[in-house]
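Trainee: fold the following, please.
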Amino acid sequence: MTSDPTGSAAPSPALLDHQPPALRDLAERARGYAEAASSANTRKAYAADWKHFAGWCRREGLDAAQPDPQIVGLYITACASGAKSVGSRKNAVSTIERRLSALVWAYTQRGLNLDRRDRHIATVLAGIRNSHAAPPRQKEAILPEDLLAMLETCDRGSLRGLRDRTMLLIGFAGGLRRSEITGLDAGRDQTEDGRGWIEVLTAGLLVTLRGKTGWREVEIGRGSSAATCPVEALELWLKLARISQGPLFRRITGKGREPGPLRLNDREVARLVKRAALAAGVRGDLPEKDRPALFSGHSLRAGLASSAEVDERHVQKQLGHASAEMTRRYQRRRDRFRVNLTKAAGL
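Mentor: Numbering: from 1, shown residues only. Below is the predicted model:
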């Protein structure tokens with residue numbers, strides 16, 4: 001188990017070698033469902049975290065096979081302190097918490113239980129948070145005026161420029177995550193790796209998405225100007241790229257003249273936002289060296305949450321948040337001091 005405990009929780013092929021074909025087929029389906037319980041990116045990150053933990057155990061002469069809270073407590077201490085055995089680099093609190101989640105998940109896949117509430121883990125983790133946790137560094141919100149400037153940096157005469165404009169507009173108007181943007185298909189049930197699909201209607205665009213908590217629908221209305229309407233941009237992209245089947249946003253091939261068959265990686269959205277924001281001079285008041293770190297794919301979601309002057313419930317629904325508190329984390333400027341409790345208290 002020390003090599004990789006992150007495999008499927010379904011029955012292993014070895015156990016089913018001599019079973020009837022129908023049972024083997026059920027086992028294959030069970031493995032598929034087990035994999036669908038978490039995203040491919042999550043499984044990849046968890047596998048890397050397990051490898052990191054197993055390597056540390058091996059170097060320290062410890063056994064990673066059984067969940068031992070004392071060993072895990074020592075491991076997260078090593079991560080927080082930047083011990084040589086973990087690479088001499090101090091891990092951020094968020095990284096340590098993710099590594100811990102990976103260990104819990106990995107052991108669970110093998111029917112074992114690692115109790116995060118055990119004092120050897122919980123107390124150490126609380127101390128790490130108190131000693132090393134920093135205030136969250138939120139990405140800069142892309143506001144409407146920023147987005148308009150960013151759209152102008154996209155080449156209007158190229159297919160790539162049209163694709164990039166469409167992704168920026170759809171991502172902003174829909175409040176979509178970068179993986180949700182690139183995970184879209186042109187229609188329902190068209191690909192195995194798709195995370196949703198689109199339907200172009202008279203009044204706007206209906207986006208159906210598979211998220212962490214299930215399916216949800218996002219409505220993207222038509223804009224007041226053809227130049228900035230996300231639906232018109234999408235319709236033009238579909239027409240010129242001749243896309244009616246499969247991934248919606250794809251790599252451009254043929255010397256920039258045609259879309260290829262492959263879906264864009266979600267990291268391309270973050271790169272696009274960063275590149276366009278810098279080219280448009282967003283937050284040009286800051287030193288050049290500080291600006292790149294301000295922008296990411298989440299800047300589009302934060303921009304919608306910060307600029308849409310509607311009831312907060314509508315923004316919460318659009319972003320797919322379970323609570324209003326989570327939505328408020330995305331609001332950068334609009335929400336500050338809207339309610340003045342000092343004056344409300346009579347001062």
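
Trainee: which strands and helices sit next to the helix or strand in which A270 is found?
Mentor: According to DSSP states H and E, A270 maps onto helix 267-279. In terms of contacts (3 or more CB pairs under 8 Å, 6 or more residues apart in numbering; DSSP states H and E), helix 267-279 is packed against helix 144-151, helix 159-174, helix 178-182, helix 298-307. C-betas here are computed from N, CA, C, even on glycine.

Trainee: can we see that at 7 Å?
Mentor: Contacts defined by 3 or more CB pairs under 7 Å, 6 or more residues apart in numbering; DSSP states H and E place helix 267-279 against helix 144-151, helix 159-174, helix 178-182.

Trainee: roughly how far out does stretch 207-226 sit from the chain middle?
Mentor: Averaging C-alpha positions (CA atoms, centre = their mean, to the nearest Å) puts stretch 207-226 16 Å from its chain's average.

Trainee: number of residues surrounding R59?
Mentor: As a burial measure, R59 scores 11 neighbours (other CB atoms under 10 Å).

Trainee: mind listing what L74 touches?
Mentor: For L74, no contacting residues are found, by CB atoms under 7 Å, 6 or more residues apart in numbering.

Trainee: tell me which helix or strand it sits in.
Mentor: Here L74 is assigned to helix 69-81, by DSSP H and E.

Trainee: now that helix: mean pLDDT?
Mentor: Taken as a whole, helix 69-81 has an average pLDDT of 95.

Trainee: try stretch 102-115
Mentor: The pLDDT scores in stretch 102-115 average 92.

Trainee: can you list the buried residues in that stretch?
Mentor: Neighbour-count burial for stretch 102-115, counted by 16 or more other CB atoms under 10 Å, picks out 102-107, 109, 114.

Trainee: show me the shaky parts of the stretch 151-300 of the chain.
Mentor: The stretch 151-300 of the chain contains residues with pLDDT under 70 at 212-213.

Trainee: so which residues of the stretch 1-150 of the chain form helices?
Mentor: Taking DSSP state H, counting those that start in this stretch as the criterion, the stretch 1-150 of the chain contains helices spanning 21-36, 40-60, 69-81, 93-109, 119-132, 144-151.

Trainee: what's the host helix or strand of W237 packed up against?
Mentor: Element membership of W237, judged by DSSP H and E, is helix 230-241. Taking 3+ CB pairs under 7 Å, 6+ apart as contact, the helices and strands that helix 230-241 lies on are helix 159-174, strand 204-211.

Trainee: show me the protein divided up by domain.
Mentor: 13-132, 144-330 (automatic domain parsing).

Trainee: would you turn those into JSON lines with distance to A344?
Mentor: JSON lines is the format used below for the domains of the chain (distance: least, CB to CB, whole Å):
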{"stretch": "domain 13-132", "distance to A344": "33"}
{"stretch": "domain 144-330", "distance to A344": "18"}
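
Trainee: just those domains: most buried one?
Mentor: Among the domains of the chain, domain 144-330 has the highest mean neighbour count (mean count of other CB atoms under 10 Å), at a mean of 17.

Trainee: export the helices and strands packed on helix 230-241 to JSON lines and tack on distance to L236?
Mentor: JSON lines is the format used below for these (distance: least, CB to CB, whole Å):
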{"stretch": "helix 159-174", "distance to L236": "6"}
{"stretch": "strand 204-211", "distance to L236": "13"}
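
Trainee: just to revisit the earlier point, closest one to R195 out of the buried residues of stretch 102-115, please.
Mentor: W105 (20.8 Å; CB to CB).

Trainee: returning to what we had before: for A241, which of the helices and strands packed on helix 267-279 is the nearest?
Mentor: Ranking the helices and strands packed on helix 267-279 by proximity to A241 (CB to CB) places helix 159-174 first, at 6.3 Å.

Trainee: for the closest one, packing partners?
Mentor: Helix 159-174 packs on helix 144-151, helix 178-182, strand 214-221, helix 230-241, strand 250-253, helix 267-279, helix 298-307, going by 3+ CB pairs under 7 Å, 6+ apart.

Trainee: could you check how far S94 is from S101?
Mentor: 11 Å (CB to CB, to the nearest Å).

Trainee: typo on my end, it should be R43
Mentor: 12 Å.

Trainee: and G157, by the same measure?
Mentor: From G157 to S101 the distance is 47 Å (CB to CB).

Trainee: repeat that for A277.
Mentor: When distance is defined by CB to CB, A277 is 31 Å away from S101.

Trainee: equivalent analysis for L159, please.
Mentor: L159 sits at a distance of 41 Å from S101 (criterion: CB to CB).

Trainee: again with T191
Mentor: 29 Å.
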